[in-house]
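Colleague: structure for the following, please:
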Amino acid sequence: MIWAKEETLSREEIEAIQLEKLKKVVSTVYEKVAPYRAKMDEAGIKPEDVKSLNDLKRLPFTTKQDMRDNYPFGLFAVDKSQLARIHASSGTTGKPTVVGYTKKDLETWAECVARLAVAGGAESSDVCQICFGYGMFTGALGLHNGLERIGACIIPSSTGNTEKQIMYMKDYGTTLLVATPSYALRIGEVATQMGLNPKTDLKLKTALVGSELLTEAMRDEMHKLYGDNLTITQNYGMSELIGPGVSGECTELCGMHINEDHFLAEIIDPETGEVLPAGEKGELVVTCLSKEALPLIRYRTRDITRLMYEPCKCGRTTARMENLSGRTDDMLKIRGVNVFPSQIEEVLLKTEEIGPHYEIIVDRKNHSDILTIRVELAPDKMTDDYAELERIRLKLKSALRVMLGLDAVIQLESPNTLKRFEGKAKRVTDNRKGQN
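Modeller: Numbers count the residues shown, from 1 in each chain. Model prediction:
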């Protein structure tokens, strides 16, 4: 099923909508948002200079630092009296980034999520359990309102108390789960510990996962727990852009469809800022075409992907994002080598003796970087045989050397040793600051 006609427009029709909206939003921010006006003046570009989509690259970028520098409402294009809702990031590394919505923005947001939910397998008959944290985080209410829009029933269970989550799933007949991939795995793990078989004792048909990277290896782990009949699709967004609702996978699983009538995507070289040709991998930059309260221009997401413009087998014609390779600000430089945590995860989850939970630790001793990876043995592979443990350790060490081009220290742990996460997983600890 395709929710909206805008998902099947021709490339010419999509680009005509984008150009019309781009001209309007650039005029709005120049007139109403002083920091944007200053940036555009410095770049020597006026709203009337935007005559084609090719002129987008002349506009200055917006970054998370711009939002922090103009905290809380300095980048807003409407008066606070026109806001219907305010969300914000956690602000764990500084002041939070604040985002706001007019009433129309909330309608747009729900519509964007509805499209992606339907593309990802959601149906009006679904009973949807939302295991994202409600509050200032945009994920829970974003999915909540979008799924309500298609007519589904919502269980707003939030995060925490995993055994109670499983009780809700059994007693209320949950058919669709909204969670991070790591928490979806945790729910299945706890259900198994409770004596349940997630494949047969739960009624799940669909999982809409997001808020953290879903690798194919992680999707395979979810299928091992819940069975191959579970449809697992991921969706993409960030609070600064709208929340969830920017893009999402359809059930063909060949990239995440972008809501192109609301978001204009580019790929740039993260080092030079130059726009890259279609199909090349780089940093995703997004312009918000429809938002009234916070219409960001050329926002640097720091996410690494590429764009695909050929029509999809599902019938949608919108551009698709390849599943993310990682983030430029997640990248670790270890002994001169660029390492993305997703590369490590891919190796770990393809190793049958290892469970899905891991921790990456980076230290510096004697002016040399040391990469340590803690992993749990799979419950059915637990052994006291030293020779077998050494075989597994060396197998992992060798596979990681091939993937990364450097050696890692492998620490094998017993099952259920490492920390579990109910929200976004924090798997990397970099201790090098202040170390020699």
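
Colleague: tell me where the stretch 101-250 of the chain has helices.
Modeller: 103-119, 138-149, 162-172, 181-193, 198-201, 216-226 (DSSP state H, counting those that start in this stretch).

Colleague: what sits up against stretch 286-293?
Modeller: By Cβ atoms under 8 Å, 6 or more residues apart in numbering, the surrounding residues in contact with stretch 286-293 are 18, 21-22, 25, 56, 76-78, 82-83, 99-102, 104-105, 108, 241-242, 246, 261-266, 294-299, 301. For every residue, glycine as well, the C-beta is placed using N, CA and C.

Colleague: got it, and stretch 306-313?
Modeller: Identification of contacts with stretch 306-313 by Cβ under 8 Å, 6+ apart yields 11, 250, 252, 254-255, 257-258, 265, 267, 278-282, 317, 319-322.

Colleague: same thing but at 6 Å, please
Modeller: 252, 255, 267, 278-279, 281, 317, 319-320, 322 (Cβ atoms under 6 Å, 6 or more residues apart in numbering).

Colleague: what secondary structure does residue 358 sit in?
Modeller: At residue 358, secondary structure determined by DSSP: H, G, I helix; E, B strand; the rest coil is strand.

Colleague: could you report the pLDDT at it?
Modeller: Looking at residue 358, its pLDDT stands at 93.

Colleague: again with residue 408
Modeller: At residue 408, pLDDT is 95.

Colleague: over to residue 365?
Modeller: For residue 365, the predicted pLDDT is 87.

Colleague: can you count the residues close to it?
Modeller: Here the number of neighbours of residue 365 (other Cβ atoms under 10 Å) works out to 10.

Colleague: now it: phi and psi?
Modeller: Here is the backbone geometry of residue 365 (degrees, to the nearest 10): phi -130, psi 130.

Colleague: separation between it and residue 413?
Modeller: 22 Å (Cβ to Cβ, to the nearest Å).

Colleague: please apply the same query to residue 52.
Modeller: 56 Å.

Colleague: who has more neighbours out of those two?
Modeller: residue 413 (15 against 10).

Colleague: how about residue 417, phi and psi?
Modeller: According to degrees, to the nearest 10, residue 417 has phi -90, psi -40.

Colleague: what is the residue nearest to it when sequence neighbours are not counted paired to in the beta sheet?
Modeller: Leaving aside its sequence neighbours, residue 417 sits nearest to residue 376 (Cβ to Cβ, 6 or more residues apart in numbering; 5.8 Å). Taking DSSP bridges as the rule, residue 376 bridges to residue 413.

Colleague: so which residues of the stretch 251-400 of the chain form strands?
Modeller: 256-258, 263-268, 282-288, 299-305, 307-308, 320-321, 326-327, 332-334, 337-339, 354-365, 368-377 (DSSP state E, counting those that start in this stretch).

Colleague: what comes into contact with the first one?
Modeller: Put plainly, it is strand 256-258. 119, 236, 247-249, 265, 316, 318-321.

Colleague: farthest-separated two in those residues?
Modeller: Among those, the pair separated by the greatest distance (Cβ to Cβ) is 119 and 265, at 16.6 Å.

Colleague: who's more crowded, these two?
Modeller: residue 119 (26 against 20).

Colleague: show the pLDDT at that one.
Modeller: pLDDT, read off for residue 119, is 98.

Colleague: measure the closest residue to it other than its chain neighbours to residue 317 for me?
Modeller: Closest residue in space to residue 119, ignoring its immediate chain neighbours: residue 250 at 4.2 Å, by Cβ to Cβ, 6+ apart. Relative to residue 317, residue 250 is positioned 12 Å away (Cβ to Cβ).

Colleague: ok, those two, which is more surrounded?
Modeller: Neighbours per residue (other Cβ under 10 Å) separate residue 250 from residue 317, with residue 250 holding more: 24 against 19.

Colleague: quick check: the more buried one touching residue 117?
Modeller: No: under the criterion of Cβ atoms under 6 Å, residue 250 makes no contact with residue 117, lying 10.9 Å away.

Colleague: endpoints of stretch 351-370, how far apart?
Modeller: Taking Cα to Cα, to the nearest Å, the first and last residues of stretch 351-370 lie 22 Å apart.

Colleague: buried residues, it. List them.
Modeller: For stretch 351-370, burial by neighbour count (16 or more other Cβ atoms under 10 Å) applies to 351, 353-362, 364, 369-370.

Colleague: now those in CSV, with distance to residue 384?
Modeller: Output for those, formatted as CSV (distance: Cβ to Cβ, whole Å):
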residue, distance to residue 384
351, 19
353, 14
354, 17
355, 17
356, 23
357, 21
358, 22
359, 23
360, 26
361, 25
362, 30
364, 34
369, 32
370, 27
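
Colleague: what's the most distant pair in these?
Modeller: Among the buried residues of stretch 351-370, 353 and 364 lie farthest apart (Cβ to Cβ), at 29.8 Å.

Colleague: okay, now the domains of this structure?
Modeller: Here the domain parsing of the chain from automatic domain parsing is 1-327, 332-430.
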